[in-house]
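Chemist: build me a model:
(chains A and B)
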Protein chains: 2
Amino acid sequence: MSTEVCGTSRIVGCRFSLYPMSDRFVDIILGAIQEADTSKVWTETGDVSTCVRGRLEHVFDVMKAIYLHAAKTGEHVVFSGTFSIGCPGDSAGDVYMSEDAVRMNEDIVSSIRIEGAAEYALYALGEPEYMKKIANVVDIAKEDGSYGGGIHYATRLEGDVHTIFKTLEQSFEVTQESVSHVVMTVTLSCNSPSNKKQGKAE
Amino acid sequence: MSTEVCGTSRIVGCRFSLYPMSDRFVDIILGAIQEADTSKVWTETGDVSTCVRGRLEHVFDVMKAIYLHAAKTGEHVVFSGTFSIGCPGDSAGDVYMSEDAVRMNEDIVSSIRIEGAAEYALYALGEPEYMKKIANVVDIAKEDGSYGGGIHYATRLEGDVHTIFKTLEQSFEVTQESVSHVVMTVTLSCNSPSNKKQGKAE
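Modeler: Residues are numbered from 1 along each chain as shown, chains lettered A, B, ... in the order given. Take a look at the predicted model:
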C-alpha cells in the first residue's frame, strides 16, 4: 500500500496561505503566484488556502519562490502552511511525479535576500515512538545556523529566507525517509514591525 | 506520567497568529487582544505568533473572542493556529488550571455574528491507528451544519464563526478523550473578497 512506503518517490503537498498585512494584499498574493513558475506542480486555489502538490523539491521550490516574490514588496508578509507526505488516500496529481528534478525557480529567486523568522513543528503520524523520530532534526537547523530556540509547540528559525527554507526542506526530507506519514506546519514572517531582525539582508 | 493521560483536566495550548489584510494591521491585532478577557489563560506574544494556554474551554473562548474582535472591523482577517494537548514536556502555566469553568468572553462576543470559512486538520500523535481515532469526528461538523467538505489534507467548515468554533472545540475535546497527544491546525477566514459567503451573517 502506497501509504506505508517511505522515501522521496512519493507525492508531497503543501496547503498554504500568504498573508500580506497591507491594503494591497490581493495584488501582492496574485502577483507572487503569477511570478512563480508552477509548471511542475499541481495547484488548486480556494478562498482560504492554496494547495500545491508534486515532487518534494518542486513543492519547496515553488513555496519559497511565491514567498520571496511577495516579501520583496517590502510589506509585512507571512507564509503559513502545512507540508504533508504519505497522507492515506493521497493520490490525485500523481502525474506530476514524472517531472525531472530541475528546480524552476531557484535561479530567479536566489538574488532575493530577505531576513525572516519562522516557527515550525514536525509530526510523525502513526508512530508510537514519534518523539524519537524527530529528536535529532533540530541538529539540521543548528548546522544551518538558522536555529532560534525551542518554544511551546514549535521550534524557531531565524535568518535569510533561503536558509530557513533549506532547513525546513531538509528536516522534512530526512524525517520522511523513515516515517510514512509526515506533517510539518510552518509560519514564516518577514518585514514585521515587531522584530528588527526581519528585513533586508545585507 | 502526565503525557500519557487523557481527558479535560489537562493543559491546552494554542499557538496562533491573526492576519488582518490591512494597512491598519497593528491596531487591529493589538485592539483585538486587548478587548478580549485573557485573565484565565497564560499568554506569551512573540514577533511571529502568540501562545495561549490554560483550560480547554478558556483557550477556545479567548481564541474566538480575539478573532471576533478583529473580524468585526470588517477587514479581511484570518486566524491561523495550532491547538495542542498532551505535548510531552508541556507543564509551564499549569497554575491556570485551577481557574473555574466560567467563560469570560462568551456573553460579550455572542452578539457579533460573522460568516467565515475554515480549514482544519486533526492529528492523533503516537497512535498506530491514528486515522481510526479521528474517523468519526467529521460527524460533529455535519451535525452542527458547518461541514463544508473534505479537501486535500484538511476538512472545510463554513458558516457563522460561533458555530465554526463550536465544531472545532468539540472535535478537539472528543478526540483528546481517548488520545493523549492531539494537535489541531486551524485556518479561519472572514470578509474575504474571494468568497461572498464570508461576511456579516443575516
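
Chemist: quick one: which helix or strand includes A:Gly149?
Modeler: Per DSSP states H and E: A:Gly149 is located in strand A:147-151.

Chemist: just checking, what packs against that strand?
Modeler: Packing partners of strand A:147-151 (3 or more C-beta pairs under 8 Å, 6 or more residues apart in numbering or on different chains; DSSP states H and E): helix A:138-144, strand A:154-160. Every C-beta, even on glycine, is put in place using the N, C-alpha and C of the backbone.

Chemist: how about the strands in chain A?
Modeler: A:12-20, A:42-45, A:50-54, A:77-85, A:114-125, A:147-151, A:154-160, A:181-190, A:199-200 (DSSP state E).

Chemist: now check the fourth one, is it near chain B?
Modeler: Yes - Strand A:77-85 lies in contact with chain B when judged by C-beta under 8 Å from any C-beta of the partner chain; the contacting residues are A:78, A:80, A:82, A:84.

Chemist: and those residues, which of them are buried?
Modeler: Listed as buried from these are A:78, A:80, A:82, A:84; burial here means 16 or more other C-beta atoms under 10 Å in any protein chain shown.

Chemist: in this model B:Ser80 seems to touch the second one, though I could be wrong.
Modeler: Right, the one you point to is A:Ser80. Yes - between A:Ser80 and B:Ser80 there is a contact under C-beta atoms under 8 Å: 4.7 Å.

Chemist: quick check: neighbours shared by these two?
Modeler: Common contacts of A:Ser80 and B:Ser80 (C-beta atoms under 8 Å, 6 or more residues apart in numbering or on different chains): A:17, A:19, A:187, B:17, B:19, B:187.

Chemist: mind checking how far the fourth one is from B:Ser180?
Modeler: Counting by C-beta to C-beta, to the nearest Å, the gap from B:Ser17 to B:Ser180 is 26 Å.

Chemist: can you check the third one too?
Modeler: Between A:Thr187 and B:Ser180 the computed distance is 25 Å (C-beta to C-beta).

Chemist: deepest of the helices and strands packed on strand A:147-151, which one?
Modeler: strand A:154-160 (a mean of 21; mean count of other C-beta atoms under 10 Å in any protein chain shown).

Chemist: in its sheet, what does it sit against?
Modeler: Strand A:154-160 has its sheet partners listed here by DSSP bridges as strand A:114-125 (antiparallel), strand A:147-151 (antiparallel).

Chemist: nearest approach to B:Val161 belongs to which of these?
Modeler: strand A:114-125 (24.7 Å; C-beta to C-beta).

Chemist: flag the shaky bits of chain A, pLDDT-wise.
Modeler: Scanning chain A for pLDDT under 70 picks out A:1-4, A:196-202.

Chemist: kindly recompute the last result at 90.
Modeler: Applying pLDDT under 90 to chain A flags residues A:1-9, A:87-96, A:193-202.

Chemist: start to end distance for stretch A:17-33?
Modeler: 11 Å (C-alpha to C-alpha, to the nearest Å).

Chemist: name the surrounding residues that touch it.
Modeler: A:45, A:48-50, A:66-67, A:69-70, A:73, A:75-81, B:19-23, B:25, B:76, B:78, B:80, B:187, B:193.

Chemist: A:Ser194 - how many residues pack around it?
Modeler: 14 (other C-beta atoms under 10 Å in any protein chain shown).

Chemist: and what of A:Ala135?
Modeler: 10.

Chemist: re earlier: figure out which of the helices and strands packed on strand A:147-151 is closest to A:Pro88.
Modeler: strand A:154-160 (25.1 Å).

Chemist: any idea how far that closest one is from the chain center?
Modeler: With C-alpha atoms, centre = their mean, to the nearest Å as the basis, strand A:154-160 stands 13 Å off its chain's centre.

Chemist: ok, back up a step: any chance of the buried ones among the residues of strand A:77-85 next to chain B in CSV, plus distance to B:Ile140?
Modeler: Shown next, in CSV, are these (distance: C-beta to C-beta, whole Å):
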residue, distance to B:Ile140
A:Val78, 29
A:Ser80, 24
A:Thr82, 21
A:Ser84, 22
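
Chemist: closest one of those to B:Pro88?
Modeler: Nearest member of those to B:Pro88, counting by C-beta to C-beta, is A:Thr82, at 21.1 Å.

Chemist: my read is that that closest one contacts B:Thr185, right?
Modeler: Yes - in this structure A:Thr82 lies within contact range of B:Thr185 using C-beta under 8 Å: 6.0 Å.

Chemist: just to revisit the earlier point, export the strands paired with strand A:154-160 as CSV, with columns for mean neighbour count and distance to A:Glu158.
Modeler: Below are these laid out as CSV (neighbours: other C-beta atoms under 10 Å in any protein chain shown; distance: least, C-beta to C-beta, whole Å):
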stretch, mean neighbour count, distance to A:Glu158
strand A:114-125, 24, 5
strand A:147-151, 15, 4
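
Chemist: for the ones you listed, give me JSON lines that also has distance to B:Asn136.
Modeler: Below are those laid out as JSON lines (distance: least, C-beta to C-beta, whole Å):
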{"stretch": "strand A:114-125", "distance to B:Asn136": "18"}
{"stretch": "strand A:147-151", "distance to B:Asn136": "33"}
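
Chemist: those strands: which one's closest to B:Ile114?
Modeler: Using C-beta to C-beta, the nearest of the strands paired with strand A:154-160 to B:Ile114 is strand A:114-125, at 27.2 Å.

Chemist: and the closest one, how far out from the chain middle?
Modeler: Counting by C-alpha atoms, centre = their mean, strand A:114-125 comes out at 8 Å from the chain centroid.

Chemist: again with stretch A:177-193
Modeler: Worked out by C-alpha atoms, centre = their mean, stretch A:177-193 lies 6 Å from the chain centre.

Chemist: one more: stretch A:110-130?
Modeler: Distance, stretch centre to chain centre, for stretch A:110-130: 7 Å (C-alpha atoms, centre = their mean).
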